[in-house]
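Undergrad: Structure, please.
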Amino acid sequence: MTLGDLKKYAVKLIDEYSDNANITDDEDIREKLNGLFNIAQFEMCQIDKIKKTHKIVQDIPQNEVSPSSTQDALYTHNAEDIEFTGSGKSYYFQVKGSATITIKQSGMSDITLTNTDNTGFTTYKGLTSGTGTITIVFGGDYYYTFKNVAIFNANYQNTSDIPNYERYVEYTLPNDYYQLNNITYKGDTLTDYKKENNKLMIPSYYEGEIVVNYYGYPTTITDDTEDTFTFELSQEGQMVLPYYVASDILKSDVSADYTSFEAKYNAKLEIFNATKLDDNNVVEITKLF
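TA: Presented below is the predicted three-dimensional model:
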């Protein structure tokens, strides 16, 4: 049903239970309807959950570095330089402490980096000026630690395209994310992920498409939303919304038989909770990282 359809139904309910014949002719009340329907649908979506799908394509190229460096392998520099080499066009590593790192391309110094932060690991990634063998030299005069050293032979256009070489790859969940349902990989449920607030962390060894099934918030209704707007809730859930809206308006109407209306409204909610369906009432929406 459309927003306009449900507005008409809400107006009928208000007129039915109010002794004020002109209540729904009040322009202030009509201007409130969009906002009230928005609040109503956001509350209802916690019961009548809207299933949505978010797809991640994870593709991390092979690490060409030698000696081999695995994610989270921790190295320490003290006095002697430590070198990693590999054929590639881009690099990635993390450093903690006072360090001087030189990136060489085919034996020639290409980039020199200086790290001074000792409070946590700082991430460095970048593109070299040419092709061939990259050598990363961890030098300097001080003791420090570094990890997640990688050289990629993939030809990235921008530094931001270079993937993080870490045990978990972090993704931001969609803006309309409300609650996680499940995550699948090649048809099987994926369980070894981490989640913190709106951040999802997927182990880096998964390659290909990862499907995040979640419950989402509905599209926001604003004062400018047209009456042709269609809801993402189930038909049963939509039919509860006019009762929510009418209830809010009738509460402030001293002439209304609010007690009788509230009983009918609560009965509607109970019936909905008892009879709502699981999957046939939800709208599938696909998004892509």
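Undergrad: which residues of the stretch 51-200 of the chain fall in strands?
TA: 74-77, 82-87, 90-96, 99-105, 108-115, 122-127, 133-139, 144-152, 168-172, 177-185, 188-189, 194-196, 199-203 (DSSP state E, counting those that start in this stretch).
Undergrad: Which of those strands sits closest to N158?
TA: In terms of C-beta to C-beta, the element of the strands of the stretch 51-200 of the chain nearest to N158 is strand 122-127, at 8.0 Å. For glycine as for every other residue, the C-beta is placed from the backbone atoms N, C-alpha and C.
Undergrad: Partner strands of that closest one, with direction?
TA: strand 90-96 (antiparallel) (DSSP bridges).
Undergrad: For the strand it pairs with, C-alpha coordinates in CSV please.
TA: The C-alpha coordinates for strand 90-96 follow below in CSV (Å, rounded to 0.1, in the frame of the first residue of the first chain):
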residue,chain,number,x,y,z
SER,A,90,52.8,-2.0,-4.4
TYR,A,91,53.6,-2.6,-0.8
TYR,A,92,51.9,-2.7,2.6
PHE,A,93,53.2,-2.9,6.3
GLN,A,94,52.6,-1.6,9.8
VAL,A,95,55.2,-0.1,12.1
LYS,A,96,55.3,0.9,15.8
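Undergrad: re the thing from before, next, format the strands of the stretch 51-200 of the chain as TSV and append mean pLDDT.
TA: As requested, those are arranged in TSV below (pLDDT from 0 to 100):
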stretch	mean pLDDT
strand 74-77	96
strand 82-87	96
strand 90-96	96
strand 99-105	95
strand 108-115	92
strand 122-127	96
strand 133-139	96
strand 144-152	96
strand 168-172	93
strand 177-185	96
strand 188-189	96
strand 194-196	95
strand 199-203	96
